[in-house]
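Trainee: Quick one, what's the 3D model for this:
(one chain, ligands or ions: 1)
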Amino acid sequence: MKTLLQIDAIETFYGKSQALHGVTFHVNEGETVALLGRNGAGKTTTLRSIMALNHVATGRVHFAGQDISARETHEIARMGMTLVPETRDAFSLLTVEENIMLGYREGSPFTLDRIMNLLPIIKEFRGRKGGELSGGQQQIMVMARGLAMNPRVLLLDEPSQGLAPVMVTAVAEVLQKLKQEKLTVVLVEQNLRMALNVADRVVLLEDGATVDSMTSTEALADPERLEKHLAVH
Ligand SMILES: Nc1ncnc2c1ncn2[C@@H]1O[C@H](COP(=O)(O)OP(=O)(O)OP(=O)(O)O)[C@@H](O)[C@H]1O
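Mentor: As a prediction, the model looks like this:
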């Protein structure tokens, strides 16, 4: 299996405060990897560091065989790394279709028609404005926008956050579709059941460092191994 993303011992600071103390993991092509950890463990900072939205002080990030540690965000994005942030960033005055097509990159196989066929739930609200959607609909819309960009790696930050259970299920179905499309995904998720359902592997963060990594099958067979790092102190 080919490694598409390799993170080696990255350290990231907010001012003088160190948020990441050595995060190391890899993601193979076509894999879904879930980053898990308590609140404040460094999951969002890890995604932002990969995208160079936070400056990485030491350590290396390799993407598709290239060292991208010193690259700027727009260059990394152009190489095919796409972040769907937890803030969702829906344009409230644009329609769903316009919101999605804002992400469309010339030559992307994920045209509006293809996205609608792949994620038919969007048809239910495709003509509405971004500001008229529920949180779950917005989340699905911004994931579709990420898809339109034809990413080589999709970074998803807490897609189920704050959603009603029925929309958590809908988002989980979108993740399964992405998996069927053989997309490479890094998923930050508090909903453990959903994360283990969709991910091939999980990487555990604690206090800004990677502390364990295992397949989802191993995690399901040995829940204590996970709980040790996820239970509230
Ligand atoms: N803008 C910021 N300024 C200062 N410190 C920050 C900032 N953002 C995050 N931190 C700190 O960095 C550490 C890692 O935070 P991060 O948001 O990456 O964790 P997380 O695992 O994504 O948690 P959550 O699930 O709560 O979002 C925490 O100690 C947090 O307080």
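Trainee: any chance you could map the strands in this structure?
Mentor: Using DSSP state E, the strands of the chain run over residues 3-14, 17-28, 32-36, 56-63, 66-67, 81-84, 153-157, 185-188, 201-206, 209-215.
Trainee: In TSV, list those along with distance to the ligand.
Mentor: Just so you know, the C-beta spots here come from the backbone N, C-alpha and C atoms, and that holds for glycine as well. What follows is those, written out as TSV (distance: least, CB to the nearest ligand atom, whole Å):
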stretch	distance to the ligand
strand 3-14	3
strand 17-28	3
strand 32-36	8
strand 56-63	13
strand 66-67	23
strand 81-84	13
strand 153-157	8
strand 185-188	6
strand 201-206	6
strand 209-215	11
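Trainee: Turn those into a markdown table, columns for mean neighbour count.
Mentor: Shown next, in a markdown table, are these (neighbours: other CB atoms under 10 Å):
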| stretch | mean neighbour count |
| --- | --- |
| strand 3-14 | 18 |
| strand 17-28 | 18 |
| strand 32-36 | 24 |
| strand 56-63 | 17 |
| strand 66-67 | 12 |
| strand 81-84 | 25 |
| strand 153-157 | 24 |
| strand 185-188 | 24 |
| strand 201-206 | 22 |
| strand 209-215 | 16 |
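Trainee: could these go into a markdown table alongside mean pLDDT?
Mentor: Shown next, in a markdown table, are these (pLDDT from 0 to 100):
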| stretch | mean pLDDT |
| --- | --- |
| strand 3-14 | 98 |
| strand 17-28 | 98 |
| strand 32-36 | 97 |
| strand 56-63 | 97 |
| strand 66-67 | 96 |
| strand 81-84 | 96 |
| strand 153-157 | 97 |
| strand 185-188 | 98 |
| strand 201-206 | 97 |
| strand 209-215 | 97 |
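Trainee: quick check, the lowest-mean-pLDDT helix or strand in the chain touching the ligand?
Mentor: Between all helices and strands in the chain, the lowest mean by mean pLDDT, DSSP states H and E belongs to helix 223-230, at a mean of 89. No. Helix 223-230 is not in contact with the ligand by CB under 6 Å from any ligand atom; minimum separation 11.1 Å.
Trainee: Restrict that helix to CA atoms and write it as CSV.
Mentor: Taking C-alpha atoms only, helix 223-230 is exported to CSV below (Å, rounded to 0.1, in the frame of the first residue of the first chain):
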residue,chain,number,x,y,z
PRO,A,223,-12.1,-1.0,23.9
GLU,A,224,-10.0,-0.5,27.0
ARG,A,225,-7.0,0.3,24.8
LEU,A,226,-9.0,3.3,23.5
GLU,A,227,-10.7,4.3,26.6
LYS,A,228,-7.4,4.7,28.4
HIS,A,229,-6.7,7.7,26.2
LEU,A,230,-10.3,9.0,25.7
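Trainee: Look up the residues forming beta bridges with the spatially most central residue of the chain.
Mentor: For the chain, the residue sitting closest to the mean C-alpha position, by CA atoms, centre = their mean, is L156 at 1.8 Å. Beta bridges link L156 to V84, L187 when assigned by DSSP bridges.
Trainee: V142 is in contact with that one, correct?
Mentor: No. At 9.4 Å, L156 does not count as touching V142 under the criterion of CB atoms under 8 Å.
Trainee: joint contacts of the two?
Mentor: Both L156 and V142 are contacted by V84, under the criterion CB atoms under 8 Å, 6 or more residues apart in numbering.
Trainee: Summarise which helices and strands the least confident helix or strand of the chain is packed against.
Mentor: strand 32-36, strand 201-206, strand 209-215, helix 216-221 (3 or more CB pairs under 8 Å, 6 or more residues apart in numbering; DSSP states H and E).
Trainee: Can you give me the buried ones in that helix?
Mentor: L226, H229 (16 or more other CB atoms under 10 Å).
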